[in-house]
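S.K.: just coords:
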């Protein structure tokens, strides 16, 4: 019940295309769902996060779509650029505020120029 | 966003020695910090939750006596790997909670030779 399952494991997208990464969870107590971007040798950087009271959140080229009934959420990167090539992790936590995060397995995204 | 700093960025130590990694919240106070371990091409594994002024809470399977955590102030947590062995070589990342958001440090590479 603590797991967050992420797919795909790797993804290749052409420059200008849309990158879509999916995550699914089982624990309905989760109430905070962030996405992190990690470049090789660096720590994860927070991209965008959502709470279950909204179905979508957009920040620039990044959008989170959240489906509470299906217990799924996804990250969409519009107009993908080579600089977006990185590993992306979804995560989830429960409780008031951001408690300890449960991470997905990660998606290695490559944007071809 | 908030800044979390780790030091050192990388360290090489001899087998059997101890090494300390520092995690600092630079522009905010963090009553709670988290320590993760990440192997190459894998996700982040939570090791322990560091609470200011009290004992750390370790995840199942993490040796408390091997990975000593101290959170002596609202801006500093330290992880000491005691009697390090080559299998302890890894990327160690800390994070700190500010309000409802968790921010990560840049990580520390530990190589035990």
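M.R.: Arrived safely, thanks for sending. Nothing here was measured: the structure is a model prediction, and the numbers come from that model.
S.K.: Which single residue of chain A approaches chain B most closely?
M.R.: residue A:43 (4.1 Å; Cβ to the nearest Cβ). Just so you know, the C-beta spots here come from the backbone N, C-alpha and C atoms, and that holds for glycine as well.
S.K.: thinking that residue is in contact with residue B:93, fair?
M.R.: Yes: the criterion here is Cβ atoms under 8 Å, and residue A:43 meets it with residue B:93 at 5.0 Å.
S.K.: hmm, back to that, tally of neighbours for the residue of chain A closest to chain B?
M.R.: 23 (other Cβ atoms under 10 Å in any protein chain shown).
S.K.: Residue B:97 versus that one, what's the distance?
M.R.: Here the criterion is Cβ to Cβ, to the nearest Å. By it, residue A:43 lies 15 Å from residue B:97.
S.K.: Can you name the residues of chain A that neighbour chain B?
M.R.: Applying Cβ under 8 Å from any Cβ of the partner chain, one finds that chain A approaches chain B through A:32, A:34, A:36, A:41-46, A:49, A:89, A:93, A:97-98, A:100-101, A:103-106, A:108.
S.K.: what residue ranges in the chain score low on pLDDT?
M.R.: Using chain A. A:1-2, A:96-98 (pLDDT under 70).
S.K.: can you give me the helices for it?
M.R.: Shown for chain A, no helices are assigned by DSSP state H.
S.K.: Repeat that for chain B.
M.R.: Under DSSP H, chain B gives no helices.
S.K.: Okay, and the beta partners of residue B:76?
M.R.: For residue B:76, the beta-bridge partners under DSSP bridges are residue B:24, residue B:73.
S.K.: And for residue B:112?
M.R.: Bridge pairing for residue B:112 - DSSP bridges - gives residue B:13.
S.K.: try residue B:6
M.R.: residue B:23.
S.K.: what's residue A:69 sitting at in phi/psi?
M.R.: Dihedral angles of residue A:69 (phi, psi; degrees, to the nearest 10) stand at phi -70, psi -40.
S.K.: just residue B:55 next, same as before
M.R.: phi -70, psi 150.
S.K.: And it, what's its pLDDT?
M.R.: Per-residue pLDDT puts residue B:55 at 89.
S.K.: Neighbours of residue A:105, how many?
M.R.: Count around residue A:105 with other Cβ under 10 Å applied: 15.
S.K.: Next, the contact list for it, please.
M.R.: Counting by Cβ atoms under 8 Å, 6 or more residues apart in numbering or on different chains, residue A:105 touches A:5-6, A:9, B:42-43.
S.K.: can you pick the most crowded of the residues you listed?
M.R.: In terms of neighbour count, residue A:6 stands highest of the contacts of residue A:105 at 23 neighbours, by other Cβ under 10 Å.
S.K.: In space, what's closest to that residue - neighbours in sequence excluded?
M.R.: Closest residue in space to residue A:6, ignoring its immediate chain neighbours: residue A:104 at 3.0 Å, by Cβ to Cβ, 6 or more residues apart in numbering or on different chains.
S.K.: Phi first, then psi, for that neighbour.
M.R.: phi -80, psi 180.
S.K.: Please tell me I have it right and it contacts residue A:75.
M.R.: No: at 10.4 Å, residue A:104 does not count as touching residue A:75 under the criterion of Cβ under 8 Å.
S.K.: Find residues that contact each of these two.
M.R.: Shared contacts of residue A:104 and residue A:75, counting by Cβ under 8 Å, 6+ apart, come down to A:23, A:90.
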